[in-house]
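Enquirer: sequence and predicted structure below; questions after.
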Amino acid sequence: MASPTPLKGTDLVDCAKANAKQGIETAALQCGYGDDLNTFRRELSNACEEMNLQVSELNELITTPDPMLNIGVGEVVAPDTPSDL
């Protein structure tokens with residue numbers, strides 16, 4: 001659901017990150033900036049700077065899961081019965 005008012009700060013960064021894969025137009029719309037891409041870029045840049053994030057383009061907010069953190073992959077090590085604890 002699109003924000004009824006333009007987001008600022010960490011809320012803006014979180015929203016932009018969540019919508020970054022859909023492109024800047026969708027991210028701007030969802031973050032409350034409509035089709036005002038210039039203001040969206042400026043405010044997102046300011047918000048990232050306040051958070052000490054080095055981001056020059058929206059696609060830099062897209063994160064991919066670390067393959068080394070494959071949760072659920074591996075061998076379960078546990079006792080056979082509760083009495084073996």
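Expert: Done, it's in. Residues are numbered from 1 along each chain as shown.

Enquirer: ok, residues contacting stretch 49-67?
Expert: The list of residues contacting stretch 49-67 from outside it, by CB atoms under 8 Å, 6 or more residues apart in numbering, reads 9-10, 13, 16-17, 20-21, 23-24, 27, 44-45, 48. Yep, even glycine has a C-beta here, placed from its N, CA and C like the rest.

Enquirer: I'd like to know which of those residues are buried.
Expert: Buried residues within the contacts of stretch 49-67, counting neighbours by 16 or more other CB atoms under 10 Å: 13, 16-17, 20, 24, 27, 44, 48.

Enquirer: which of the residues you listed fall within helices?
Expert: Within the buried ones among the contacts of stretch 49-67, residues falling in helices by DSSP state H are 13, 16-17, 24, 27, 44, 48.

Enquirer: of those residues, closest to residue 75?
Expert: For residue 75, the closest of these turns out to be residue 17, at 33.8 Å, with distances computed as CB to CB.

Enquirer: so what's that closest one closest to, chain neighbours aside?
Expert: Distances taken as CB to CB, 6 or more residues apart in numbering place residue 61 nearest to residue 17, at 4.3 Å, with adjacent residues excluded.

Enquirer: phi and psi next, for that neighbour.
Expert: phi -80, psi -10 (degrees, to the nearest 10).

Enquirer: how far away is the residue nearest the centre of the chain from residue 30?
Expert: Within the chain, the residue whose C-alpha comes closest to the C-alpha centroid is residue 17; the distance, by CA atoms, centre = their mean, is 3.1 Å. From residue 17 across to residue 30, the span is 11 Å (CB to CB, to the nearest Å).

Enquirer: need the residues touching each of those two.
Expert: With CB under 8 Å, 6+ apart, residue 17 and residue 30 have no common neighbours.

Enquirer: ranges for the helices of the chain?
Expert: Under DSSP H, the chain gives helices at 9-19, 24-30, 37-50.

Enquirer: for the shortest one, buried residues please.
Expert: Judged by neighbour count using 16+ other CB under 10 Å, the buried positions of helix 24-30 are 24, 27-30.

Enquirer: do stretch 45-64 as well
Expert: By neighbour count with 16+ other CB under 10 Å, stretch 45-64 contains the buried residues 47-48, 55, 58, 61.
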